[in-house]
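Asks: Sequence and predicted structure, then a few things I'm wondering about:
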Amino acid sequence: MRERPPKPTSIPEIGSVELVVALRRFPGAAELHASELAVLASVARPRRLAARELLAREGTAPNAIVLVLEGEVAVRRRGDLVERARPGSAIGVLEALARDPRGLECVAEEPALVLSVSLEDLEDVFEEVPSFLVRLVGWVGRLALQRDVYHSADVSRVHAKPVVVPDRPLDLVERILHLRNCPAFAKATIDAVAALADVAGEVRVAPEDALWRRGSPSTSIFVIVAGELEVTLDGATHAMHAGDLAGQLEAFASAPHPTDAVARSPLVALSIEREALFDTWEDHTDLGVELLRDANSAVLRATRTSRAEQRSIETANR
């Protein structure tokens, strides 16, 4: 783990108790133990902003998550006001964790005090406090379900070519290769993917049979190896193919499945139980970081889609 630089003496001083209390409002941090919060506090950088001072520029990928302690910060995208971030608000969480190159414009509306945690430092905290990564992923999963991500399914991704799998169970090397075919794991180290493959089970579903039903408990995530999975919510459907990750958002949130998922052809998938997945993050933080990025990207797409639809409705009603 890299050595953290000392905090500059020119920045405002915040008492340790005040800092820990403030950081409980950081996404995923509410239930952390005080000793775990202290690790997060060690990388939090306070900053005072003058009125009208620019905190972040649109068109630049954010490299930090910002928590407002005092004052108010206006957050805009393409000139439209997204929110007025007041004390206790976290700014740019989705954009930062998704590494979104479009970013946001953030300007202090009045003198403000903020805490900034860089993504690089945040990943160091994940290594020291794996439970924080688990809780942050759970926070994103719950947010995804609240924002109806399944109503804004991303069907634009180019799917992998159809895969022919043997009738016998897949061996470890084959499971590794199929996990690598999933974009969420493509950037993880081979050791991390191997550890995941070691705990992955294999599921085979006949056509017209369900992988899960709406309202059933969600305890695993699934990587589609071969075949087509049709996911349905309130009459709207989208298809998932080889390389797609299924059921992860509700698994992260420990919530029941909000959809039906039915095989439309002979389906082969790798199943990874939620607890086994989280256990691998203790030694392979990169796995969790990539899944966190993938989940945030899904929420961000859904948020932008719903806002675009709302603007279209407002325009049509004028």
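Replies: Perfect, thanks for sending it. Numbering: from 1, shown residues only.
Asks: So which residues of the stretch 101-250 of the chain form strands?
Replies: Counting by DSSP state E, counting those that start in this stretch, one finds strands in the stretch 101-250 of the chain at the ranges 105-108, 112-118, 201-205, 210-212, 220-226, 229-233, 236-240, 245-246.
Asks: And those strands, which one averages the lowest pLDDT?
Replies: Ranked by mean pLDDT, the strands of the stretch 101-250 of the chain end with strand 236-240 in last place, scoring a mean of 90.
Asks: before we move on, back to that, any idea which of the strands of the stretch 101-250 of the chain gets closest to K187?
Replies: strand 245-246 (13.7 Å; CB to CB). Heads up, the C-betas are built off the backbone N, CA and C, glycines and all.
Asks: name the helices or strands packed onto that closest one?
Replies: strand 220-226 (3 or more CB pairs under 8 Å, 6 or more residues apart in numbering; DSSP states H and E).
Asks: Could you tell me how far the strand it packs on lies from the centre of the chain?
Replies: Strand 220-226 has its C-alpha centroid displaced from the chain centroid by 18 Å (CA atoms, centre = their mean, to the nearest Å).
Asks: what residues does it touch?
Replies: 162-165, 170, 178-179, 181-182, 185, 200, 203, 211, 240-248, 251, 266-274, 277 (CB atoms under 8 Å, 6 or more residues apart in numbering).
Asks: Most tightly packed of the strands of the stretch 101-250 of the chain?
Replies: strand 220-226 (a mean of 24; mean count of other CB atoms under 10 Å).
Asks: Within the sheet, what are the partner strands of it, with directions?
Replies: According to DSSP bridges, strand 220-226 has the following sheet partners: strand 245-246 (antiparallel), strand 267-273 (antiparallel).
Asks: Quick one: work out the angle between that strand and strand 236-240.
Replies: 60 degrees (axes from the mean of the first three to the mean of the last three CA atoms, to 10 degrees).
Asks: For strand 220-226, output the C-alpha coordinates as PDB.
Replies: C-alpha atoms of strand 220-226 as PDB (Å, rounded to 0.1, in the frame of the first residue of the first chain):
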ATOM      1  CA  SER A 220     -26.000 -14.900  -6.200                       C
ATOM      2  CA  ILE A 221     -24.800 -13.100  -9.200                       C
ATOM      3  CA  PHE A 222     -24.700 -14.900 -12.600                       C
ATOM      4  CA  VAL A 223     -22.300 -14.700 -15.600                       C
ATOM      5  CA  ILE A 224     -24.000 -15.800 -18.800                       C
ATOM      6  CA  VAL A 225     -21.700 -18.400 -20.600                       C
ATOM      7  CA  ALA A 226     -24.000 -19.500 -23.400                       C
END
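Asks: Between strand 229-233 and it, find me the angle.
Replies: Using the same axes, to 10 degrees: strand 220-226 against strand 229-233 is 130 degrees.
Asks: Tell me how many other residues crowd the nearest residue to D209 once chain neighbours are set aside.
Replies: Nearest residue to D209, sequence neighbours excluded (CB to CB, 6 or more residues apart in numbering): A263, at 5.6 Å. A count of nearby residues for A263, using other CB atoms under 10 Å, gives 21.
Asks: R47 now?
Replies: Neighbour number of R47 under other CB under 10 Å is 15.
Asks: same thing with P217?
Replies: Applying other CB under 10 Å, we find 12 residues neighbouring P217.
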